[in-house]
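Q: Provided below for reference: sequence and predicted model.
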Amino acid sequence: MCYNITEIDLSNFNSKNVTKMTSMFNSCKKLNNLILGNFNTDKVKSMEETFSDCENIEKIDISFFKTENVKYMNLMFDNCKKLKEIIFPNELKLENLVNFGGMFYGCKKLEKLDLSGFILEKAENMSRMFYGCTNLKEIYFNNKFNTKKVLTMEKMFYDCSNLTKLDLTSFSSDSLFNANEMFRGCRNLENIDFSVFTFKNVKFVDNIVLGCEKLNYITIQNIIK
């Protein structure tokens, strides 16, 4: 384990044959400086829990990552309690990615997430994706953030207590089955626009807006029974 390591420099690391980065830096609790250089991720299929429990790190630069083959990013930044900034590539190709579950779970210091470069096609799991991001004020999506195959968004924005607005107009609910507690605890969220959602396959919406104390209105259209 790497509990006491404070700095890792992989600038000269030959990673061209790496296929898994699962839990690579997991529980490096004192890590505050991570230099990845141009770490080659061309063949990587899993980034599950890659930075999970890196409790002390404030900035992670993955702007050079190639992700065309990645299928799993669940819990990738889980419990990075002091993480303030993630630098993504301008275009992050995630056409084969299936699981986003808990990707930013417990990232309490993040204030802004720009996901406008994310390109999705096969994503199925977005449950708990931003769970417990209590300082998060802004999330940016784009029209290539394809959610047509997503089955669960359970607790996706749970306890994002500083979000005041959220643009979900790029989202689709064609396959969505579980939306339980999706916005629970978003106590500063003022409006939710569901106008692009059909809810045609949704079975679970328990407590979807519970604790949204400042919610003024919800826009719902196109509901198919």
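A: Arrived safely, thanks for sending. Numbering: from 1, shown residues only.
Q: mind listing the helices for this structure?
A: Counting by DSSP state H, the chain has no helices at all.
Q: tally of neighbours for Lys122?
A: 15 (other Cβ atoms under 10 Å). Every C-beta, even on glycine, is put in place using the N, C-alpha and C of the backbone.
Q: do the same with the one 3 residues further on
A: Counted with other Cβ under 10 Å, residues neighbouring Asn125 total 22.
Q: that one against Asn74, yeah?
A: Yes - between Asn125 and Asn74 there is a contact under Cβ atoms under 8 Å: 7.0 Å.
Q: overlap in contacts of these two?
A: Residues touching both Asn125 and Asn74 by Cβ atoms under 8 Å, 6 or more residues apart in numbering: Asn99, Phe100, Gly101.
Q: closest one to Ile218 out of these, please.
A: Phe100 (24.2 Å; Cβ to Cβ).
Q: now that closest one. Nearest residue, chain neighbours left out?
A: Met126 (4.9 Å; Cβ to Cβ, 6 or more residues apart in numbering).
Q: now swap in Asn26 and tell me
A: Ser52 (4.7 Å).
Q: show me the shaky parts of the chain.
A: 1, 221-225 (pLDDT under 70).
Q: all strands of it, in order?
A: Using DSSP state E, the strands of the chain run over 7-9, 33-35, 59-61, 85-87, 92-94, 112-114, 118-120, 138-140, 191-194, 217-220.
Q: as a markdown table, the ones you listed with mean neighbour count and distance to Asp159 would be great.
A: What follows is those, written out as a markdown table (neighbours: other Cβ atoms under 10 Å; distance: least, Cβ to Cβ, whole Å):
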| stretch | mean neighbour count | distance to Asp159 |
| --- | --- | --- |
| strand 7-9 | 12 | 31 |
| strand 33-35 | 15 | 27 |
| strand 59-61 | 16 | 22 |
| strand 85-87 | 15 | 19 |
| strand 92-94 | 21 | 25 |
| strand 112-114 | 16 | 15 |
| strand 118-120 | 20 | 22 |
| strand 138-140 | 17 | 14 |
| strand 191-194 | 18 | 16 |
| strand 217-220 | 12 | 19 |
